[in-house]
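Asks: This is a predicted model, with the sequence first.
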Amino acid sequence: RPEHRKESNYALHGHHYTHAFFTIARQHNNSGGGGDEYTPFQLKRISNEFLFRALSIPIGEEKESPNNIDGDIIQFASGLDVYGSDIDGKLVLSYGINDCEGAVMTISMAKLQQMLIEVESGQEVVDLMRAAR
């Protein structure tokens, strides 16, 4: 961890893998040098942590209920694509489950936009994100 960063409760060997959406951008630098020069990328927006809902019903349960919704211990997002437009289309995510199988989920781009939090200059991820519940 860089020396100037505070301690954080994120990514400290929890019992689930978590994910977050984010956007980055960089500004075109009009330095007058005649070439295309850009500033370094900066974090612009970020979502809170999330995990993919488990596809199976817990042992001993007959059906899914709000009390038994959980995620698999190992989940790893591995693919990302936009179907349709980035305004009213869908984001398609593929991910691995417990290093044994794969799954795909979609989320509307409108919902994704609602999840993203603006990042002000000087803010750190730990200043913005809430842990997954």
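Replies: Okay, I see it.
Asks: does residue 127 sit in a helix, a strand or a coil?
Replies: What DSSP: H, G, I helix; E, B strand; the rest coil gives for residue 127 is helix.
Asks: Renumber starting at 15 from here on
Replies: Let's use 15 as the start, then, which means that last one is residue 141.
Asks: Tell me which residues touch the closest residue to residue 99 other than its chain neighbours, please.
Replies: Nearest in space to residue 99, with sequence neighbours left out and distances taken as Cβ to Cβ, 6 or more residues apart in numbering, is residue 123 at 7.3 Å. Where you see a C-beta, it was placed from the backbone N, CA and C, and this is true even at glycine. Residues in contact with residue 123, defined by Cβ atoms under 8 Å, 6 or more residues apart in numbering, are 96, 98-105.
Asks: Looking at the residues you listed, which are in helices?
Replies: Helix and strand membership here follows DSSP state H; of these, not one is in helices.
Asks: List buried residues within those.
Replies: Neighbour-count burial (16 or more other Cβ atoms under 10 Å) applied to the contacts of residue 123 gives 103-105.
Asks: what helix or strand does residue 108 sit in?
Replies: Per DSSP states H and E, residue 108 falls inside strand 104-111.
Asks: what's that strand packed up against?
Replies: The contact analysis (3 or more Cβ pairs under 8 Å, 6 or more residues apart in numbering; DSSP states H and E) places strand 104-111 against strand 89-97, strand 115-122, helix 123-129.
Asks: what lines up beside the second one in the sheet?
Replies: This means strand 115-122. For strand 115-122, sheet partners with direction are given as strand 104-111 (antiparallel), following DSSP bridges.
Asks: The first one too?
Replies: Strand 89-97 has the following sheet partners, assigned by DSSP bridges: strand 104-111 (antiparallel).
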